[in-house]
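Engineer: what's the 3D shape of this:
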Amino acid sequence: MAYQLEGRLLEVCNCNVLCPCWIGEDPDNGTCDSVLAYHFDKGTIDGVDVSGRTFAALAYLPGNVLDGNWRVVAFVDDEATDEQQEALLNVFTGRLGGPLADLVQLIGEVVAVERAPITFTVEKGRGTLRVGSGVNLIVEAEMASYMGATEKPTTLQETIFSTIPGSPAYVSKATRYRRNSSAYGLQDIDIQDNNAIQGHFHFEAA
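Structural biologist: Residues are numbered from 1 along each chain as shown. Below is the predicted model of the structure:
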């Protein structure tokens, strides 16, 4: 098997709650500036164990999500070995096929691939994501899931677009979203109470 990955997603963008991209509508501001982070609780890629690793991406969507032409900066957590980084990039460039290959077809340009410390925590529906640290902090986001009447997370399913295809997404709000990305030609962001998404995923490719 090319890869088998299980883990959790944290995602935030500058759209209002709920980001229209998930149902194939145009983003609230005409463009969507997001950050996605996949933390792998367990998994292998071509026999390489990537358990505990995190892959994050800053993304600029110039219009409707399904039209593609995204500009992306990719980050692999700085505790990954060179072998783990190569394996993760093979998945997130679509070389190994599977559900993530369909997603990365929407990327028009990879601006840079970087290594950075990544903090990824989820406790009782509250997610924290940081990429970089200190004066080199690139992303900082805090988010919490909405809860339904049965005290379970409010979920999105059967959407035309998903960053975790095959799994329900938990509708969330980011109490804070900061992105220092002008060095990569992407907009800096410092906003509150905007869209966020959380979820679990299970990806496989033969």
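Engineer: what mean pLDDT does the helix or strand where D102 lies have?
Structural biologist: For D102, the element it lies in under DSSP states H and E is helix 99-104. Helix 99-104 comes out with an average pLDDT of 91.
Engineer: what do you get for stretch 44-61?
Structural biologist: The model assigns stretch 44-61 a mean pLDDT of 98.
Engineer: Could I have the CA atoms of it written out in PDB?
Structural biologist: Output in PDB follows, covering the C-alpha atoms of stretch 44-61 (Å, rounded to 0.1, in the frame of the first residue of the first chain):
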ATOM      1  CA  THR A  44       3.100   4.800   6.900                       C
ATOM      2  CA  ILE A  45       4.000   6.100   3.400                       C
ATOM      3  CA  ASP A  46       5.800   3.500   1.200                       C
ATOM      4  CA  GLY A  47       6.900   1.800   4.400                       C
ATOM      5  CA  VAL A  48       8.100   5.000   6.200                       C
ATOM      6  CA  ASP A  49       6.500   5.600   9.600                       C
ATOM      7  CA  VAL A  50       5.200   9.100   9.800                       C
ATOM      8  CA  SER A  51       3.400   8.800  13.100                       C
ATOM      9  CA  GLY A  52       3.600  12.000  15.100                       C
ATOM     10  CA  ARG A  53       4.500  14.200  12.200                       C
ATOM     11  CA  THR A  54       2.600  17.300  11.000                       C
ATOM     12  CA  PHE A  55       2.200  18.800   7.600                       C
ATOM     13  CA  ALA A  56       0.800  22.300   7.200                       C
ATOM     14  CA  ALA A  57       0.100  24.500   4.200                       C
ATOM     15  CA  LEU A  58      -0.700  28.200   3.800                       C
ATOM     16  CA  ALA A  59      -3.000  28.600   0.800                       C
ATOM     17  CA  TYR A  60      -4.300  31.500  -1.300                       C
ATOM     18  CA  LEU A  61      -7.400  30.700  -3.400                       C
END
